[in-house]
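Asks: Need a 3D model of the sequence below.
(chains A and B)
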Amino acid sequence: MNDAIVLSTLRKTIVMKSLLSMAFAAAACAAPADAAEYASLPGGVFASVLPADANSADVKVAAFRLRREPVTNAEFLAFVRAHADWRRDRTASVFAEPRYLAHWAAADALGADAKPDQPVTQVSWFAAQAFCASEGARLPSWSEWEFAAAADTTRTDARSDPAWRAAILNWYAKPSTQPLANTGGIANLYGVRNLHGLVWEWVDDFNALLVASDSRDQNDPDRLRFCGAGALNLRDRDNYAVLMRIAMLSSLKAANTTTNLGFRCAKDGAGEGR
Amino acid sequence: MKILANLRIAIAALAFLITTHVAATEPRAAADALSGDSIYRLDLALVDQDGRGLVLREWRGGPVLIAMFYTSCPYMCPLIVESIKRTEHALDDNARARLHVVLVTFDSARDTPLVLKTAAEKRHIDLTRWTLARAEPAGVRRLAAVLDVQYRALPDGGFNHSGVMTLLDADGGIVARTDKLGEVDPEFLAAVQKATATAH
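Replies: Residues are numbered from 1 along each chain as shown, chains lettered A, B, ... in the order given. Predicted coordinates for the structure are as follows:
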């Protein structure tokens, strides 16, 4: 549990910087673009924190499109109105736990605790999948999400920059009781916003990440639990910013919802716009 | 006052009954009265080892032991198959006859019906009681999600995955699950015995 200790120390030292950078981000907020706009990302060979196999092979990410912003309450409300099966009072518990959209005022109304331009949260993986399918899209894979989120405003891969890591850890250190900001803000190199600093996001293969407490050691002997190459070897163990996200996603079940977990959608190919 | 109090209780009880009734008759009527937690609500198209198209709720009406595997799996999957066999061998003949075993492959690309059939024969699987099936990758991901099975494709075509057996009741509700493989898990066996004890 050294990780936890290091992390908590990190958190304490960076809280002040966090407040500063958040204030900066708020001031620099641009108006959100067309809500369902997709950015084109080139893909490529990518050094994922989760290596493709036990030999730390790079991950190949094909060209894809990614929603520029997370799905908002307003967008999800429109979806629920068009697909009544996904109203919170009609969705089967196997697909979404009782907390699903519980912060909305009603099954078909947002109310004071769910502003239209805030990212939708308290949605299950199944609900997120259904939303994306409704606009001809899908959830991004972890690799796609990680690829997009590795970029900052000028670099395709800023992950080794201590400032990049610190900014994300700052966000993790922020109490989750505060109201969520609206979507929007500074776009990264690809024109994608809010990958960090607003909400956690579902990925399609959230149940593929396999980070259990038993699988963090390089020479994991616990091969009974996993087939094939055994437990994963995590590359770049110092990258808590990314590893924490993997740990969080791995702990979820598909019907789970949380107050700071939302999603955005992705599409295949490099086509422009929608 | 006492009458009023009784009336209140009666009204409360009535309200409760109405509420529970409404909750029980939720929409998605196509699933005809499946409970909210039934995995048979998953609209999953499968193809079995004989190339027949099936849906998951095909097996509604009796207890089902379901697990995920893939045929070229060197280590874990034979262990899953062996564990299921051991569990069913611990049942009496009548109970065993009532249990259907469903194995769904992770490997949509390579586990064709023929490959599944060959694997079944090689492992002396009784296909009158077992079904080996494949689904499209998105369906596999959804099934794994409801069964809380973790898996990940590897570059060599294999998969990392957790080994889980799940017992479903006649309506697709999850009754028991275990990740203890190899030896028979006594708790899981007890659940299977209970589920197969009476005809459904």
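Asks: Next up, phi/psi of the most centrally placed residue in chain B, please.
Replies: In chain B, the centroid-proximal residue (Cα atoms, centre = their mean) is B:Ile66; its distance is 4.0 Å. The phi and psi values for B:Ile66, taken as degrees, to the nearest 10, are phi -120, psi 140.
Asks: Likewise for B:Arg134?
Replies: Residue torsions, per degrees, to the nearest 10, at B:Arg134 are phi -120, psi 160.
Asks: Just confirm it contacts B:Val47, I think it does.
Replies: Yes. Assessed by Cβ atoms under 8 Å, B:Arg134 is found in contact with B:Val47 at 5.5 Å. Placement of C-beta: from N, CA and C, glycine included.
Asks: how near is the residue of the stretch 1-150 of chain A found nearest chain B to A:Lys253?
Replies: The minimum distance from the stretch 1-150 of chain A to chain B, using Cβ to the nearest Cβ, falls at A:Ser93 (3.9 Å). Using Cβ to Cβ, to the nearest Å, A:Ser93 is found at 12 Å from A:Lys253.
Asks: Between those two, tell me which one has more neighbours.
Replies: Neighbours were tallied for A:Ser93 and for A:Lys253 using other Cβ atoms under 10 Å in any protein chain shown; the higher tally belongs to A:Ser93 (16 against 13).
Asks: show me what contacts the more buried one?
Replies: Listed by Cβ atoms under 8 Å, 6 or more residues apart in numbering or on different chains, the contact set of A:Ser93 reads A:255, B:36-37.
Asks: Tell me the most packed of those residues, by neighbour count.
Replies: Counting neighbours by other Cβ under 10 Å, A:Ala255 comes out on top of the contacts of A:Ser93 with 23 neighbours.
Asks: which secondary structure element contains it?
Replies: Assessed by DSSP states H and E, A:Ala255 sits outside every helix and strand.
Asks: ditto for A:Ala39
Replies: Secondary structure (DSSP H and E) places A:Ala39 in strand A:38-41.
Asks: What strands line up against that strand, and which way round?
Replies: If you go by DSSP bridges, strand A:38-41 pairs up with strand A:64-67 (antiparallel).
Asks: Can you tell me what sits against the partner strand?
Replies: A:36-41, A:43, A:137, A:140, A:144-145, A:148, A:190, A:192, A:264-271.
Asks: Where does pLDDT dip in chain A?
Replies: Regions of chain A meeting the criterion pLDDT under 70 cover residues A:1-36, A:52-57, A:210-238, A:271-274.
Asks: all strands of it, in order?
Replies: Counting by DSSP state E, residue ranges of the strands within chain A are A:38-41, A:44-46, A:59-61, A:64-67, A:200-201, A:261-262, A:266-268.
Asks: Enumerate the positions of the third one that are buried.
Replies: Buried residues in strand A:59-61, defined by neighbour count with 16 or more other Cβ atoms under 10 Å in any protein chain shown: A:59, A:61.
Asks: Can you select the buried ones from the contacts of strand A:64-67 in ChimeraX?
Replies: Remark: buried members of the contacts of strand A:64-67, expressed as a ChimeraX selection using 16+ other Cβ under 10 Å:
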select /A:38,39,40,41,43,137,140,144,145,148,190,192,264,265,266,267
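Asks: List the contacts of the residue most central in space within chain A.
Replies: Centroid-nearest residue in chain A, with Cα atoms, centre = their mean: A:Glu201, separated by 2.6 Å. Counting by Cβ under 8 Å, 6+ apart, A:Glu201 touches A:70, A:145, A:195, A:261-264.
Asks: Just give me the closest of those residues to A:Phe126.
Replies: A:Phe263 (11.2 Å; Cβ to Cβ).
Asks: which residues does the nearest residue to A:Pro179 once chain neighbours are set aside contact?
Replies: Excluding its sequence neighbours, the residue lying closest to A:Pro179 (Cβ to Cβ, 6 or more residues apart in numbering or on different chains) is A:Gln118, at 7.7 Å. Counting by Cβ under 8 Å, 6+ apart, A:Gln118 makes contact with A:72-73, A:179-183.
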